[in-house]
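K.L.:
Quick one: sequence and predicted model below, then my questions.
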Amino acid sequence: MDSETSFGSTVRRIRKTHKLSLTGLARRTNYSVSHLSKIENDKRVPSVACARTLDNVLNASGELVALARPRASRGVTMAIAPQGRAQGMSMAVDGHGRFHVVNRRGLANLSATALLTWPVPPPELVAADAPLDFFRESFAVQRRLGQSSHPAVVIQVMVGMDHGLCALAASAPPQLRQEAYRLAARYAEYIGWMAQEQGDATMAAWWTERAQGLADAGGDNDFAAHALVRLAGLAMYRNDPDETIALAQAAGEIARSPRTWWFAAQREAQGHALAQDQDACRRALDQATELREAAHAEGADDLALGSVTMPDPLAFATATCLLDLVRPDQAAAILAAELERVPAHALRTRARYGLKLGLALAMNEQIDSACETATTALQLARYLGSATIRVDARRLNAVLNRRSSNPRVQHIRPLLKSVL
């Protein structure tokens, strides 16, 4: 990179434009003079959190965030899911398992050693409606299980049920076939979310693509937009604002329902927040607010896409934006109020956003309160195996490292490391 356009030289140029000394910048950002000096001299690579903080304090309008991103992540590339003609899942007696995609040759080799096979049920043995009632009720149960269990547990159960639904759809009479495929798409989409929670973004994208194929077979013409919102979420957790924004905007262009359009708008806002574009973020949030009202007027069923455990998903998305825009005091106020409304059984949601509240408090220099709040969230997170929670745990760890002499920080450190 040209030294004139490096991250460090840009920080120095903007700092001097504001007639701010290194000591003054250190005081505003809570990073040491030594740390900032190494960054300005390109002897230390800034973390994402550090880049956001400097960008915000220096009013750089996203310039520093853009420079801090690896070159490979700049520009827009659509996520491509792995292709395959068949699926396989091996399960060991001790509970370990593996899901994989195989081609025709691999499938032939797998069949040669299979101990148990089963056919698609003949049409005359498929009841009129009773099986779908079971799968609908089970979907609600699996969603609830996903709130309190490790993703590996949920994935193993739901993969089998998704496959069973597809077998049912293949033999179902015409009036049930599309409904069965739409229900299978919901299962596949949730499996994709659990794969993301387990930390496997590639398999999360694969299941999202599979869900879209099933939704198409079921005549669901709105799912394609939701799939793009899901892929935008994967880009967001890769800290790639360009792809997050592009995918969310593409989703908004093809969304058929207010609910999907709403989620696309709030995901776009989160992308703009990553890029430190406050004005664009606010415009997208304003649009999401209008769409949320339209979605509420339309209503949603038990199979609605998106979170069903957050009373107001937009409030949580707004808080996430405020955190990325380094407005921790405002983020903390929203998170504290909204967490009170999350159902007691929604442990995954409580852990995710409880940890975000702890992070917001820590960024706002309320270290004791941050540690107390984060402890509760981390105790839940230990058993949930959540990759998205680990993202914020790493951010919290970086903030607390600068307060390592605080007794509360020392006390929480072992618990934080157990999640990381």
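P.N.:
Looks like it came in fine.

K.L.:
For this protein, name the helix or strand with the lowest mean pLDDT.
P.N.:
Lowest mean confidence among the helices and strands of the chain (mean pLDDT, DSSP states H and E): helix 104-112, at a mean of 49.

K.L.:
Following the chain past it, name the next helix or strand.
P.N.:
helix 130-146 (DSSP states H and E).

K.L.:
list the helices and strands that following helix packs on?
P.N.:
The contact analysis (3 or more Cβ pairs under 8 Å, 6 or more residues apart in numbering; DSSP states H and E) places helix 130-146 against helix 151-171, helix 174-198. From N, CA and C alone the C-beta is placed, and that goes for glycine too.

K.L.:
Buried deepest among those, which one?
P.N.:
Mean neighbour count (mean count of other Cβ atoms under 10 Å) peaks for helix 174-198 among the helices and strands packed on helix 130-146, with a mean of 22.

K.L.:
picking up where we left off before, including mean pLDDT, could the helices and strands packed on helix 130-146 go into TSV?
P.N.:
Output for those, formatted as TSV (pLDDT from 0 to 100):
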stretch	mean pLDDT
helix 151-171	87
helix 174-198	89
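
K.L.:
nearest to residue 64, of these?
P.N.:
Proximity to residue 64 (Cβ to Cβ) singles out helix 174-198 among the helices and strands packed on helix 130-146, at 28.1 Å.

K.L.:
Show me what the closest one is packed up against.
P.N.:
By 3+ Cβ pairs under 8 Å, 6+ apart, helix 174-198 packs against helix 130-146, helix 151-171, helix 201-217, helix 223-237, helix 387-401.

K.L.:
Would you indicate which residues of the third one are buried?
P.N.:
Just to be clear, that refers to helix 201-217. The neighbour-count check on helix 201-217 (16 or more other Cβ atoms under 10 Å) flags 201, 203-212, 214-215, 217 as buried.

K.L.:
for the first one, same thing?
P.N.:
Applying a neighbour-count criterion of 16+ other Cβ under 10 Å, one finds 131-132, 135, 138-139, 142-143, 146 buried in helix 130-146.

K.L.:
And the fourth one, by the same measure?
P.N.:
Residues 223-236 are the ones in helix 223-237 that count as buried (16+ other Cβ under 10 Å).

K.L.:
about what we covered before: do you know which of the helices and strands packed on helix 130-146 lies nearest residue 52?
P.N.:
Of these, nearest to residue 52 by Cβ to Cβ is helix 174-198, at 22.5 Å.

K.L.:
what's in contact with stretch 42-60?
P.N.:
Counting contacts by Cβ atoms under 8 Å, 6 or more residues apart in numbering, the residues outside stretch 42-60 that touch it are 3, 6-11, 14-15, 18, 20, 25, 28-29, 31, 35, 38-39, 61-65, 67-68, 239, 276, 324-326, 395, 398-399.

K.L.:
switch to 7 Å and redo it
P.N.:
Identification of contacts with stretch 42-60 by Cβ atoms under 7 Å, 6 or more residues apart in numbering yields 6-8, 11, 14-15, 18, 28-29, 31, 35, 38-39, 62-65, 68, 239, 276, 324-326, 395, 398.

K.L.:
which of those count as buried?
P.N.:
Buried among the contacts of stretch 42-60 by 16+ other Cβ under 10 Å: 7-8, 11, 14-15, 29, 31, 39, 62-65, 68, 239, 276, 324-326, 395.

K.L.:
Could you pull up phi and psi at residue 58?
P.N.:
phi -90, psi 0 (degrees, to the nearest 10).

K.L.:
Could you shift the numbering so residue one becomes 55, and keep it that way?
P.N.:
All set: I'll call the first residue 55, so the last point we hit is now residue 112.

K.L.:
Is it possible to get a markdown table of the helices and strands packed on helix 184-200 that adds distance to residue 362?
P.N.:
As requested, the helices and strands packed on helix 184-200 are exported to a markdown table (distance: least, Cβ to Cβ, whole Å):
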| stretch | distance to residue 362 |
| --- | --- |
| helix 205-225 | 15 |
| helix 228-252 | 11 |
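
K.L.:
and of the ones you listed, who's closest to residue 326?
P.N.:
helix 228-252 (21.6 Å).

K.L.:
what about that closest one, distance to the chain center?
P.N.:
18 Å (Cα atoms, centre = their mean, to the nearest Å).

K.L.:
residues in contact with the helix or strand where residue 67 lies?
P.N.:
Assigned by DSSP H and E, residue 67 belongs to helix 61-71. Here helix 61-71 makes contact (Cβ under 7 Å, 6+ apart) with 57, 79, 93-96, 100, 108, 112, 114, 117-118, 121-122.

K.L.:
try it again with 8 Å
P.N.:
In contact with helix 61-71 (Cβ under 8 Å, 6+ apart) are residues 57, 76, 79, 90, 93-97, 99-100, 105, 108, 112, 114, 117-118, 121-122.

K.L.:
which among those residues end up buried?
P.N.:
Buried among the contacts of helix 61-71 by 16+ other Cβ under 10 Å: 76, 79, 90, 93-94, 96, 100, 105, 108, 112, 114, 117-118, 121-122.

K.L.:
Tell me which of those residues fall in helices.
P.N.:
76, 79, 90, 93-94, 105, 108, 117-118, 121-122 (DSSP state H).

K.L.:
Break this structure into its domains for me.
P.N.:
By the assignment in automatic domain parsing, the chain contains the domains 57-122, 174-352, 367-473.

K.L.:
among those, which is nearest residue 360?
P.N.:
Nearest to residue 360 among the domains of the chain is domain 174-352; the distance by Cβ to Cβ comes to 5.4 Å.

K.L.:
next one: that closest one to chain centre, how far?
P.N.:
12 Å.

K.L.:
can you check stretch 71-78 too?
P.N.:
With Cα atoms, centre = their mean, you get 37 Å for stretch 71-78.

K.L.:
Give the buried residues for that stretch.
P.N.:
So stretch 71-78, judged by 16+ other Cβ under 10 Å, has buried residues 74, 76.
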